[in-house]
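Chemist: After the sequence you'll find the predicted model.
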Amino acid sequence: MSILEVRNFTKSFGDTPVLKGIDFSMEKGETLAIIGSSGSGKTTLLRCLNFLETPDTGKMYVNGDLLFDAEDKSHTSDEAIRKKRLHFGLVFQNFNLFPQYTVLENLCLAPKLLAKERPDFKAHKKEVLAEIEENAKDLLLQVGLSDKMSAYPCQLSGGQQQRVAIARALALSPDILCFDEPTSALDPELTVEVLNVLRSLAKKHLTMVVVTHEMAFASEVADRVLFMDEGVVAFDGKSELAFGADCPCARLRSFLGSIAK
Amino acid sequence: MNFLDITLDLLSGFGISCLLFCLTLLFAIPLGLLFSFCTMSKHRFIKAPAKVFVWIIRGIPLMLFIFVIYYLPGLIGGASVNIFNTIDREITVAMGASQLMWHGRFLAVLIAFVINYACYFSEIFRGGIESISKGQYEAGQVLGLTKSQIFFKVVLKQVVKRIVPSMSNEIITLVKDTALANAIAIPEIIKCAKDMASTQALIWPIFYTAAFYLLFVGGLTLLFGFVEKKLSYFRG
Ligand SMILES: Nc1ncnc2c1ncn2[C@@H]1O[C@H](COP(=O)(O)OP(=O)(O)OP(=O)(O)O)[C@@H](O)[C@H]1O
Ligand SMILES: [Mg+2]
């Protein structure tokens, strides 16, 4: 069973169609790279997965359960959406850390607030909160920032901020973690440290969707590539095939060619 | 009257000024927040009236608005007596005081001040809230926070940091605006000094009142400096 199945997502902004019928599915543990030229709708697709935009038509299944159906307007309350979006995590291009909180607090804020909603929270308050902090520290270790635990975001480099943002998303253990050009706001030398974190996550078989312009990274780390062109999926296949010489999709070949120049 | 008596007399007037100041802040800040949400509402029927209301209140002199509040209930109710004056008379009788009490008129001034300052604050709050990047809200959303959690746990402190300078300006203006209460003869500090001038031919207490304002505003300035410093640990 696929962990994620997207059927016929369409989305227009005003009169401009941005997504024109997107279909794809993902297996658990897979790393999917989404590539495509600027304006092809990559960000919009990620935002739809994370319920930041509502597709005009289409359905989405997670673990076989119908999570979103554009026809069915009965489960669109803020509260219902809030629960559903926890299946996904999103790492933004410009990090969006909370500036007034330390690194550790950034990681713990959402898990602590969510824990408070659990019926057994009052009885095990101490243990639950301690567990959340332990988990957060563990994640900081994974992204190599244990020593920055009590720093504020403004005291970190862009690459460090992005690694914190990744750890913050991981702290909620989403089923699928989405990245929107996680390195495009970074200097080249800082890009490496963030890509290394993504590499290690891929090795651990976290299910990831990565929108990226780093073709070398996509071909190395991604299991599969989705090439978007003007709101449709023009190519969906193994990354060896996508980046190989015998790629069957002419538009993808010319896209890769134009980037290589 | 010696210097000490005059100081004490003015101090009692300044007490009323301070009371007006504190109560105005206490009510105008939450009301201003409510107004700012109304002016940012997605619903036309909330947003448009709120915007017009804020425009009117900010557009007319506070002095005029005090008179409006003071006279309006009588006009609408058709009663020839002013309800605020009625309250004053009843309190005077109830307390057996020799002088007419001022609590009813104080209420009128307080209402005018609260509404007026809520409108000014609402514009400051709106500016602060709208200056927070959309990314902060979206980051909160994707982390499963509720709307109110996003506002109180993520956005609010950043807004406070951004609006401290303009709020401190407005609050210092409020200190000085309390003098307008004397338009309907509330014995705030300047009224006290003016009374001394007319009953005892003493002019200098009028100038002396400046010391009270300056000290109070000085204290506030230190306080705002402290708050700004407290919030300087983060950039955002
Ligand atoms: N909120 C919006 N309102 C109107 N138009 C929008 C909105 N968001 C995106 N668009 C339009 O949708 C199109 C696709 O945008 P999108 O951000 O999804 O592209 P992208 O593939 O992520 O591009 P890039 O590689 O530059 O990030 C663009 O033409 C953009 O102008
Ligand atoms: Mg984009």
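Modeler: That came through, no problem. Ligands and ions are numbered 1, 2, ... in the order given.
Chemist: Every contact and neighbour count from this point should use C-alpha atoms.
Modeler: OK.
Chemist: need the next SSE after the longest helix along chain B, C-terminal direction.
Modeler: Counting residues, the longest helix found in chain B (DSSP state H) is helix B:3-39. Counting by DSSP states H and E, the next helix or strand C-terminal to helix B:3-39 is helix B:44-59.
Chemist: Please spell out which residues along that following helix are buried.
Modeler: B:Lys47, B:Ala50, B:Lys51, B:Val54, B:Ile57, B:Arg58 (16 or more other C-alpha atoms under 10 Å in any protein chain shown).
Chemist: Kindly reformat those residues as a markdown table containing distance to chain A.
Modeler: As requested, the buried residues of helix B:44-59 are arranged in a markdown table below (distance: C-alpha to the nearest C-alpha, whole Å):
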| residue | distance to chain A |
| --- | --- |
| B:Lys47 | 21 |
| B:Ala50 | 25 |
| B:Lys51 | 27 |
| B:Val54 | 30 |
| B:Ile57 | 35 |
| B:Arg58 | 33 |
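Chemist: For residue 111, pull up the helix or strand it's in.
Modeler: Just so you know, I chose chain A. Residue-wise, A:Pro111 maps onto helix A:103-115 under DSSP H and E.
Chemist: The chain in question should be chain B.
Modeler: Using DSSP H and E, the element containing B:Ile111 is helix B:103-130.
Chemist: From the contact counts, what lies against that helix?
Modeler: Other elements packing on helix B:103-130 under the criterion 3 or more C-alpha pairs under 8 Å, 6 or more residues apart in numbering or on different chains; DSSP states H and E are helix B:3-39, helix B:44-59, helix B:62-77, helix B:83-95, helix B:156-177.
Chemist: Format those as JSON lines; extra columns: mean pLDDT and distance to A:Thr212.
Modeler: Below are those laid out as JSON lines (pLDDT from 0 to 100; distance: least, C-alpha to C-alpha, whole Å):
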{"stretch": "helix B:3-39", "mean pLDDT": "96", "distance to A:Thr212": "38"}
{"stretch": "helix B:44-59", "mean pLDDT": "96", "distance to A:Thr212": "40"}
{"stretch": "helix B:62-77", "mean pLDDT": "89", "distance to A:Thr212": "57"}
{"stretch": "helix B:83-95", "mean pLDDT": "89", "distance to A:Thr212": "69"}
{"stretch": "helix B:156-177", "mean pLDDT": "96", "distance to A:Thr212": "31"}
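Chemist: list the buried ones in the helix holding A:Pro111?
Modeler: Buried residues in helix A:103-115, counted by 16+ other C-alpha under 10 Å: A:Val103, A:Leu104, A:Glu105, A:Asn106, A:Leu107, A:Cys108, A:Leu109, A:Ala110, A:Pro111, A:Lys112, A:Leu114, A:Ala115.
Chemist: these two touch, right, the last one and A:Phe121?
Modeler: In this case it means A:Ala115. Yes - with contacts counted by C-alpha atoms under 8 Å, A:Ala115 reaches A:Phe121, the gap being 6.5 Å.
Chemist: what touches both of these two?
Modeler: Taking C-alpha atoms under 8 Å, 6 or more residues apart in numbering or on different chains as the contact rule, the neighbours common to A:Ala115 and A:Phe121 are A:Val128.
Chemist: which two in the buried residues of helix A:103-115 are spaced the farthest apart?
Modeler: Spatially, the most separated pair among those is A:Val103 and A:Ala115, at 19.2 Å (C-alpha to C-alpha).
Chemist: list the contacts for B:Ile150?
Modeler: B:Tyr137, B:Gly140, B:Gln141.
Chemist: measure it to A:Gln100 for me?
Modeler: For B:Ile150, the distance to A:Gln100 equals 13 Å [C-alpha to C-alpha, to the nearest Å].
Chemist: A:Ser258 too?
Modeler: A:Ser258 is 42 Å from A:Gln100, by C-alpha to C-alpha.
Chemist: Of those two, which one has the most company?
Modeler: The neighbour comparison of A:Ser258 against A:Gln100 (other C-alpha atoms under 10 Å in any protein chain shown) goes to A:Gln100, with 23 against 9.
Chemist: quick one: the longest helix of chain B to chain centroid distance?
Modeler: Remark: helix B:3-39 is offset 6 Å from the chain centroid, using C-alpha atoms, centre = their mean, to the nearest Å.
Chemist: what's that helix packed up against?
Modeler: When contacts are defined as 3+ C-alpha pairs under 8 Å, 6+ apart, helix B:3-39 packs onto helix B:44-59, helix B:103-130, helix B:156-177, helix B:189-200, helix B:204-230.
Chemist: of those, which approaches ligand 1 most closely?
Modeler: Judged by C-alpha to the nearest ligand atom, the one of the helices and strands packed on helix B:3-39 that comes nearest to ligand 1 is helix B:103-130, at 16.7 Å.
Chemist: after that closest one comes which helix or strand?
Modeler: Next element after helix B:103-130 (DSSP H and E): helix B:134-142.
Chemist: Touching the helix or strand just after that following helix from outside, list them.
Modeler: Following helix B:134-142 in sequence order, the next helix or strand is helix B:147-149 (DSSP H and E). By C-alpha under 8 Å, 6+ apart, the residues outside helix B:147-149 that reach it are B:Gln141.
Chemist: Could you measure from the residue lying farthest from the centre of chain B over to ligand 1?
Modeler: When distances to the mean C-alpha position of chain B are computed (C-alpha atoms, centre = their mean), the maximum falls on B:Val142, with 38.3 Å. If you measure B:Val142 against ligand 1 using C-alpha to the nearest ligand atom, to the nearest Å, the figure is 17 Å.
Chemist: With A:Val128 instead?
Modeler: A:Val128 is 38 Å from ligand 1, where distance means C-alpha to the nearest ligand atom.
Chemist: Which strand or helix spans that residue?
Modeler: Assigned by DSSP H and E, A:Val128 belongs to helix A:125-142.
Chemist: again, but for A:Cys178
Modeler: Judged by DSSP H and E, A:Cys178 forms part of strand A:176-180.
Chemist: what ranges do the strands span in the stretch 1-150 of chain A?
Modeler: A:4-13, A:16-26, A:31-36, A:57-62, A:65-69, A:88-91 (DSSP state E, counting those that start in this stretch).
Chemist: before we move on, back to that, relative to chain B, which of the buried residues of helix A:103-115 is nearest.
Modeler: A:Ala110 (6.0 Å; C-alpha to the nearest C-alpha).
Chemist: any idea how far that closest one is from B:Gln149?
Modeler: A:Ala110 is 9 Å from B:Gln149, by C-alpha to C-alpha.
Chemist: What about A:His124, how many residues nearby?
Modeler: 9.
Chemist: For it, grab phi and psi.
Modeler: phi -120, psi 30 (degrees, to the nearest 10).
Chemist: which residues sit in contact with B:Ser166?
Modeler: Counting by C-alpha under 8 Å, 6+ apart, B:Ser166 touches B:Ile124.
Chemist: Same check on A:Lys11?
Modeler: Neighbour list for A:Lys11: A:Pro17, A:Val18, A:Leu19, A:Lys20, A:Thr54, A:Pro55, A:Asp56, A:Thr57 [criterion: C-alpha under 8 Å, 6+ apart].
Chemist: Kindly report the same for A:Thr191.
Modeler: Contact partners of A:Thr191, counting by C-alpha under 8 Å, 6+ apart, are A:Gly159, A:Thr183, A:Ser184.
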